[in-house]
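[1] Any chance you can model this:
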Amino acid sequence: MKVFKYIFWVLYRVWFYILVALPILIMFPILLISILKESWYHFFFKIARIWAKFILIGMGFIYKIERLQTPEKHKSYMFIANHTSMADIMLMLVSVKNPFVFVGKAELAKIPLFGFFYKRTCILVDRSSPKSRQAVFLRAQKRLKTGVSICIFPEGGVPEEHIILDDFKDGAFRLAINHQIPIVPVTFADNKQRFSYTFFSGGPGKMRVKMHKFLSTEGMTIDETKYLNKKSRDVILKQLEGFNI
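    Numbers count the residues shown, from 1 in each chain. As a prediction, this is how the structure comes out:
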């Protein structure tokens, strides 16, 4: 019986990468055109949302999104969420209609095909390099001025399996305060069970998403970064603990 489970998990992982690559190959010319100008990013984002839905549905993930507050059109936000799965990127794209740019690990740019578009549309960061972290702020400022939002997984990586929610880095909160944009905490409840970074695990099923009420940064100063960090983390942690009851 265990042998069949292992075979299923291997095939399931392979199927995921096929679903990731197939739409990119089919839509390659359109995607290529959409990234030629930064002003065309909104068009690229719409295609990315279709790509994300295709993958989630193809994997048998049934997502349910609850929004306690809905982002307004033409406004910029800082979207944050807990990070446990390779499917987090797709689920965030499906959950948020406002065009946003990911701030993500530079290593992902090495993934064939996906990495080509990833490094041209996202803000890459090498967390071991202070110079790279500083460059993130400059690039994020530039993108915010174009009217898009920013998305960061503030744990700075995927925590070990036994950790419900790791400590948050301060970058997302400093950036939000600097630009006086609201923090939008988002909780992913089931991604670790559905498709974690543990190879022999996962399977089709529900994916619950909760978009919490926004946390205003209006009037806040950089000195309040830690306070905003803790407040945001508490919102997501409390929801994760509630999901697990």
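[2] Check which residues of the longest helix belonging to the chain are buried.
    The longest helix of the chain (DSSP state H) is helix 2-26. Buried residues in helix 2-26, counting neighbours by 16 or more other Cβ atoms under 10 Å, are found at Trp9, Tyr12, Arg13, Phe16, Leu19, Val20, Pro23. Where C-beta positions appear, they are placed from N, C-alpha and C, glycine not excepted.
[3] now do stretch 227-242
    Judged by neighbour count using 16+ other Cβ under 10 Å, the buried positions of stretch 227-242 are Leu228, Asn229, Ser232, Arg233, Val235, Ile236, Leu237, Gln239, Leu240.
[4] show me where the chain has helices.
    With DSSP H as the definition, the chain shows helices at residue ranges 2-26, 28-34, 41-58, 88-95, 114-121, 130-145, 171-179, 191-195, 225-244.
[5] gap between the shortest one and the chain center?
    In terms of Cα atoms, centre = their mean, to the nearest Å, the centre of helix 191-195 is found 14 Å from the chain centre.
[6] now for that helix, which elements pack on it?
    Using 3 or more Cβ pairs under 8 Å, 6 or more residues apart in numbering; DSSP states H and E as the contact criterion, the elements in contact with helix 191-195 are strand 205-211.
[7] repeat for the third one
    Contact partners of helix 41-58 among helices and strands, from 3+ Cβ pairs under 8 Å, 6+ apart: helix 2-26, helix 28-34, helix 88-95, helix 114-121.
[8] among those helices, which is nearest Gly157?
    helix 88-95 (11.8 Å; Cβ to Cβ).
[9] Tell me which residues are up against the closest one.
    48-49, 51-53, 55-56, 61, 63, 65, 79, 81, 102, 151, 153, 186, 188, 191, 207, 209, 211 (Cβ atoms under 8 Å, 6 or more residues apart in numbering).
[10] do you know how far the residue positioned nearest the centre of the chain is from Gln134?
    Closest residue to the average C-alpha location of the chain: Ile89 at 4.2 Å, with Cα atoms, centre = their mean. Shown here: Ile89 relative to Gln134, a distance of 24 Å by Cβ to Cβ, to the nearest Å.
[11] same question, Ile57
    Distance, Ile57 to Gln134, using Cβ to Cβ: 39 Å.
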